[in-house]
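[1] The following block contains a protein sequence and its predicted model.
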Amino acid sequence: RNRFNFTMKVVAACLLALLLALHDNEVASFVVSSPHHLKKYNPKFTALPRTEITSLSASSSSKKDGGPVLNLGFVGQLAGNQALIGSTIWTGGPGAAVLARDANFDNPAIWLFLGILGVIPLIALSNRVETSESPLFATLNLSTNMTVLRLFGGKTQPILALVVSALLCGLTGLVEEVTFRGEVLPTLAQWSVTNWGLSGGEGIVCGTVLSTFIFALLHINPFELLKGFDKESALDTLVLFVFQLCTGTIFALLYLITHNLAVPIVAHTLYDFYTFYNTHWIVTDQMAYAERESLLGGTNNKKNNALEQKWINEKGEKFVQDVRQTFYLMDSNRDGVVSRKELRVGLFSYGIKLSKLESETALTSADADESGEIDYNEFLAFCGEAGSPGKAVKQSLLGVL
């Protein structure tokens, strides 16, 4: 009964931490293992979160001292939520007892090796999601990028990002594994045996399923659902829920197979660290590339100069700069052209979720020379006629502005 009461207190603390994360009509994920705060970017053809990425980059580069950028408030929020959830670890309570009893750190070679081995399928899953052009993962990927940008800004900061990511992810791996695998799982297993008459093995399976379900449930953002049912918001939430079911299941299996809580703690920490640090490098490096190419502008050839000057005269220099930066942000392989996949994935950042056929239609509308790809001049003309990438896509698909 005492363990069950403790589990209920842990769940209550998680819910309280989630409520504390509500701020400015969004939920910043209270767990670092899922830096997906699922801010809703779904008004089709209108929402432009790419402008938030640009503004974050500008703010990070505008520091007078040129020093490192760190969102201390956001870091404090993430760390504070974890400290609240794992309070009994620091105070010598049940959490500390679980850590001392179930985590064996005596032989680092073994638990480090098993933790590294256990994180491999998680990283493989993460990479598949990150490189997917499916609209199912659009919000998941975008929210990861935006969360990391909120933390570190738009400039690459290898040392600061490494240290802060390691500390946050280590804290999260410790707290969540002690909580969900070390305490909630065995408590629910014993509860199911006592109340449902299951055998010991069946109880472990039941405890694993229930604890993983709770783990995934407490990683989703209920805020959009609180505003009323919305099909797209519900689908985004469902995708995140299933994704967290997968990660939670792997952590639980690592614990059950090794009987050592140190192993999922290491795997959880490494996975979170990979997500944060790798995302920081990829996003900021791409932004640096877009900034460099944008500054070059049309200086490389007269054709670019003439075309840009035409649209500067008609719509202003800022419009051309924004289009140029958008084009190079989309050019993820940096070959100077935008493919159909790059166009489709890039438009996700504008809240525009196209099907594969729709992305082919949009590309055909912009691809004046029918090369199968869009160069900068074609993209500028494509956006210039309509006034923005979103309006250009809408026009190409619907025939209206």
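    That came through fine. The structure presented is a predicted model; accordingly, all values stated were derived computationally and were not measured.
[2] what's the residue closest to the geometric middle of this protein?
    Nearest to the geometric centre of the chain sits residue 144, at 1.8 Å (CA atoms, centre = their mean).
[3] Quickly find the element holding that one.
    helix 138-152 (DSSP states H and E).
[4] how distant is the helix or strand that that helix is followed by from the center of its chain?
    Under the assignment DSSP H and E, the closest C-terminal helix or strand after helix 138-152 is helix 158-176. Distance of helix 158-176 from the chain centroid (CA atoms, centre = their mean, to the nearest Å) equals 15 Å.
[5] which parts of stretch 305-319 are buried?
    For stretch 305-319, a neighbour-count test (16 or more other CB atoms under 10 Å) marks 307-308, 311, 315, 319 as buried. Backbone N, C-alpha and C define where each C-beta goes, glycine included.
[6] In JSON lines: those residues, plus distance to residue 164, secondary structure and pLDDT.
    Supplementary listing: the buried residues of stretch 305-319 in JSON lines, determined by distance: CB to CB, whole Å; DSSP: H, G, I helix; E, B strand; the rest coil; pLDDT from 0 to 100:
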{"residue": "307", "distance to residue 164": "43", "secondary structure": "helix", "pLDDT": "78"}
{"residue": "308", "distance to residue 164": "40", "secondary structure": "helix", "pLDDT": "81"}
{"residue": "311", "distance to residue 164": "41", "secondary structure": "helix", "pLDDT": "82"}
{"residue": "315", "distance to residue 164": "40", "secondary structure": "helix", "pLDDT": "83"}
{"residue": "319", "distance to residue 164": "36", "secondary structure": "helix", "pLDDT": "85"}
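[7] Now do the helix holding residue 144 against helix 158-176, angle only.
    120 degrees (axes from the mean of the first three to the mean of the last three CA atoms, to 10 degrees).
[8] mind saving the C-alpha coords of helix 138-152 as CSV?
    This file holds the C-alpha atoms of helix 138-152, laid out as CSV (Å, rounded to 0.1, in the frame of the first residue of the first chain):
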residue,chain,number,x,y,z
ALA,A,138,6.2,17.2,-39.3
THR,A,139,5.1,18.7,-36.0
LEU,A,140,7.2,16.3,-34.0
ASN,A,141,10.4,17.3,-35.9
LEU,A,142,9.5,21.0,-36.0
SER,A,143,8.8,21.2,-32.3
THR,A,144,12.1,19.5,-31.5
ASN,A,145,14.0,22.1,-33.6
MET,A,146,12.1,25.0,-32.0
THR,A,147,12.7,23.6,-28.4
VAL,A,148,16.5,23.4,-29.0
LEU,A,149,16.4,26.9,-30.7
ARG,A,150,14.6,28.2,-27.6
LEU,A,151,17.4,26.8,-25.4
PHE,A,152,20.5,27.8,-27.4
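[9] For it, which helices and strands make contact with it?
    helix 50-61, helix 72-85, helix 108-130, helix 158-176, helix 231-258, helix 262-296, helix 340-348 (3 or more CB pairs under 8 Å, 6 or more residues apart in numbering; DSSP states H and E).
[10] Which one, of those helices, ends up nearest to residue 149?
    Among those, helix 50-61 comes nearest to residue 149, with 4.7 Å by CB to CB.
[11] quick one on the thing from earlier: in this structure the residue nearest to the centre of the chain contacts residue 280, no?
    No: using CB atoms under 8 Å, residue 144 makes no contact with residue 280, being 10.4 Å away.
[12] mind putting the helices and strands packed on helix 138-152 in TSV, mean neighbour count and distance to residue 149 included?
    Below are the helices and strands packed on helix 138-152 laid out as TSV (neighbours: other CB atoms under 10 Å; distance: least, CB to CB, whole Å):
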stretch	mean neighbour count	distance to residue 149
helix 50-61	17	5
helix 72-85	17	10
helix 108-130	16	15
helix 158-176	19	11
helix 231-258	19	19
helix 262-296	21	6
helix 340-348	22	15
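[13] looking at those helices, which one has the lowest mean pLDDT?
    Mean pLDDT is lowest for helix 50-61 among those, at a mean of 47.
[14] can you give me the helices in the stretch 301-401 of the chain?
    302-315, 317-330, 340-348, 356-366, 376-386, 389-398 (DSSP state H, counting those that start in this stretch).
[15] closest to residue 106 out of these?
    Judging the helices of the stretch 301-401 of the chain by CB to CB, what sits closest to residue 106 is helix 340-348, at 46.3 Å.
[16] Next, the angle from that closest one to helix 356-366.
    Using the same axes, to 10 degrees: helix 340-348 against helix 356-366 is 100 degrees.
[17] who does helix 340-348 touch, helix- and strand-wise?
    helix 138-152, helix 317-330, helix 356-366, helix 389-398.
[18] So what touches it?
    Identification of contacts with helix 340-348 by CB atoms under 8 Å, 6 or more residues apart in numbering yields 133, 135, 138-139, 141-142, 326, 329-333, 338, 353-354, 356, 359-360, 362-363, 366, 372-374, 389-390, 393.
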